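A.B. asks: would you be able to build a 3D model of this:
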Amino acid sequence: MKYQKWEKLARKYNRLWVQKYSLGPTRREVLKLLLPRLQANPCLRLFEAGCGTGQLISEISARYPQAEYLGIDAARNMIRIAKKNVKGQKIRFRTCPVEEFRSTEKYDIILCTHAFPYFPEKEAALRKFAWLCSPGAAVIIVNSSTNSLKDLIINFFLKATTSRARYLSIKEMKALFRKTGFDLKKVKIIRERFYMPTIALFYLENQSNQ
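C.D. replies: Numbers count the residues shown, from 1 in each chain. Prediction:
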């Protein structure tokens, strides 16, 4: 099975140790950026690629149930848990790898947290995000990043516990954003403990839809 490791991780995903020092802090920082937008317009449309068990959508929708949400993930077990745990009339989940996702719908906010390194075609994924953007949409991408020997070593062991991945440096990510028409508004480093790799949050706007 192509996503076997993720299927097995699904049942214990919400209890993994990285929730405390990586995934939880990531959700906290993403919420800081999103809440002002949702306060101004509570009915925005949000899309999350690699949504896992739906934790981020759960935290956002608890505050803003009026917004519309679609989360996709390649692992069936992740989506099964998300559908069970995250309820709402305007919340949808779908089992689908990002490279196979097709839609004519447009979204005001696109999220991708800790999934981007596992996408096989990263430039194609960004171009898909650009296509999904409504005018003035925000895109938030967060992932572990390799910018030093320390990052390289930690990410090597991280990759060994999950699946094939490429943790791009901040410089490489910036180059991809320029190539795919994104305007990078903000970069924030999230690091809760010294033994964690660099976790980079990128806040983007799509230039072609302005």
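A.B. asks: for the longest helix along the chain, list the C-alpha coordinates in PDB.
C.D. replies: The helix spanning the most residues in the chain, taking DSSP state H as the definition, is helix 24-40. The C-alpha trace of helix 24-40 is given here as PDB (Å, rounded to 0.1, in the frame of the first residue of the first chain):
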ATOM      1  CA  GLY A  24       0.400  21.800  18.200                       C
ATOM      2  CA  PRO A  25       2.600  24.900  18.000                       C
ATOM      3  CA  THR A  26       2.000  24.900  14.200                       C
ATOM      4  CA  ARG A  27      -1.800  25.100  14.700                       C
ATOM      5  CA  ARG A  28      -1.300  27.800  17.200                       C
ATOM      6  CA  GLU A  29       0.700  30.000  14.800                       C
ATOM      7  CA  VAL A  30      -1.700  29.300  11.900                       C
ATOM      8  CA  LEU A  31      -4.700  30.400  14.000                       C
ATOM      9  CA  LYS A  32      -2.900  33.600  14.900                       C
ATOM     10  CA  LEU A  33      -2.800  34.400  11.100                       C
ATOM     11  CA  LEU A  34      -6.300  33.200  10.200                       C
ATOM     12  CA  LEU A  35      -8.400  34.600  13.000                       C
ATOM     13  CA  PRO A  36      -8.200  38.200  11.900                       C
ATOM     14  CA  ARG A  37      -9.300  37.200   8.400                       C
ATOM     15  CA  LEU A  38     -12.200  35.100   9.800                       C
ATOM     16  CA  GLN A  39     -13.200  37.900  12.200                       C
ATOM     17  CA  ALA A  40     -13.600  40.200   9.200                       C
END
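A.B. asks: who does the next helix or strand after that helix pair up with?
C.D. replies: Following helix 24-40 in sequence order, the next helix or strand is strand 45-49 (DSSP states H and E). Sheet pairing for strand 45-49, assigned by DSSP bridges, gives strand 68-73 (parallel), strand 107-113 (parallel).
A.B. asks: buried residues, the longest one. List them.
C.D. replies: Counting neighbours by 16 or more other C-beta atoms under 10 Å, one finds that the buried residues in strand 107-113 are 107-113. Quick note: C-beta positions are derived from backbone N, CA and C, even for glycine.
A.B. asks: mind jotting down where the strands sit in the protein?
C.D. replies: Along the chain, counting by DSSP state E, strands occupy 45-49, 68-73, 91-95, 107-113, 133-145, 182-190, 198-206.
A.B. asks: pLDDT and distance to Trp131 added to the buried residues of strand 107-113, as TSV?
C.D. replies: Output for the buried residues of strand 107-113, formatted as TSV (pLDDT from 0 to 100; distance: C-beta to C-beta, whole Å):
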residue	pLDDT	distance to Trp131
Tyr107	98	10
Asp108	97	14
Ile109	97	15
Ile110	98	10
Leu111	98	16
Cys112	98	14
Thr113	97	20
